Each structure stands twice: as structure tokens, then as C-alpha cells.
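Visitor: next come a sequence and a model predicted from it.
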Amino acid sequence: MPYCTRCGHQAKDSDVFCANCGARQRETELPRNTAPQMPPVPDPFAGLSPRTAAILCYVPAIGWIAAIMVLAARKFKDDRLLRFHAFQGLYLFAAWLVVDWVIGPISRAEPGHHFPIETILHGPIFFAAIFMMVKASHGEPYALPIIGELAQRSATEQ
């Protein structure tokens, strides 16, 4: 006759739990070739509307994070308008980085030249992001010059 693994009380062979302390005595066997069922993973984008996601893609400095999440999400895989906004937001952020990392250091390297070309170029990019947030909030697919065409091509390729 077996004994409880926790309290030592006598138990029957068919007992799953100890009658004295309630501890599990043995694992219940699963049928063969049956994997344990995992609970479904909640969708992090369940409460996010496509319009809100499109607006978030244009938030200056951090919109690229939302754009990447939108492009990676299964929920938005077939929404071409939202994918267009995500790609255009990424390309707008890339333009900001080009000004920051390429044009800025070049303009500062010139001796005696104190013209703020970097600041002047950041202005239109910032206002383009704000303008696109407004357009995205109205559900309009406005294509910015140059990067808009790239975004349209990227959004249509699956």
C-alpha cells in the first residue's frame, strides 16, 4: 500500500489526491499522441483600430516602432491603406535620420559655416509627419513626394 509523498498518510493505489493533506499523489496520464492544450495567446492589437494605428505610424521620433509593429501584425496583413501609412511613416523617419546622421555632420564639418541647414531640413519633415497624422485620421491615402511612391510600391508587395 502506498503512502502520501507529503504527509506520509496511507493512500490507495487509485487515489490521485491524499485524503489527509490534499497533495497530488500521481500525475494523471494524458492519452498518447496528445499534447497538452496551451491557452490562446491574447492579441495585443485586439483593441487597436486601423485608423489609430495609421496615426501612430507618423508620431515624430517614435512612429517607426508603431510602423514596424503594424507591418508585423497578422491583424493588419491585408489592410493595404494601413500598410501604406506604415511604410510611409518608416520612410519619413529614414529621411529624418539621413538629415541627422549625414547632412548634419557634413554641414557642421565646414569651417566657419554656422548655417543651421540641419534644423531647416528637420522642419519640413516634422510638419510632413503632423500633416500625415491629420490625413491618416481622416482615412485619406495621401502620398508624399518621393517617399509616397516607395510606400505605395512597398504596401502592394506581399
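Guide: The structure has been received and is ready for your questions. Everything numeric here is computed off the predicted structure, so don't read it as measured data.

Visitor: buried residues, stretch 41-61. List them.
Guide: Phe45, Leu48, Pro50, Ala53, Ala54, Ile55, Leu56, Cys57, Tyr58, Val59, Pro60 (16 or more other C-beta atoms under 10 Å). For glycine as for every other residue, the C-beta is placed from the backbone atoms N, C-alpha and C.

Visitor: my error: substitute stretch 92-107 in the last question.
Guide: Those would be Leu92, Phe93, Ala95, Trp96, Val99, Gly104, Ser107, for stretch 92-107 by 16+ other C-beta under 10 Å.

Visitor: so the fourth one sits in a helix?
Guide: Yes - the assignment for Trp96 is a helix, going by DSSP: H, G, I helix; E, B strand; the rest coil.

Visitor: surely it meets Ile125?
Guide: Yes - look at Trp96 against Ile125 with C-beta atoms under 8 Å: they come within range, at 5.1 Å.

Visitor: pLDDT below threshold where in this structure?
Guide: 1, 26-37, 113, 158 (pLDDT under 70).

Visitor: which residue ranges of it form helices?
Guide: 50-56, 63-72, 80-98, 104-109, 117-137, 147-156 (DSSP state H).
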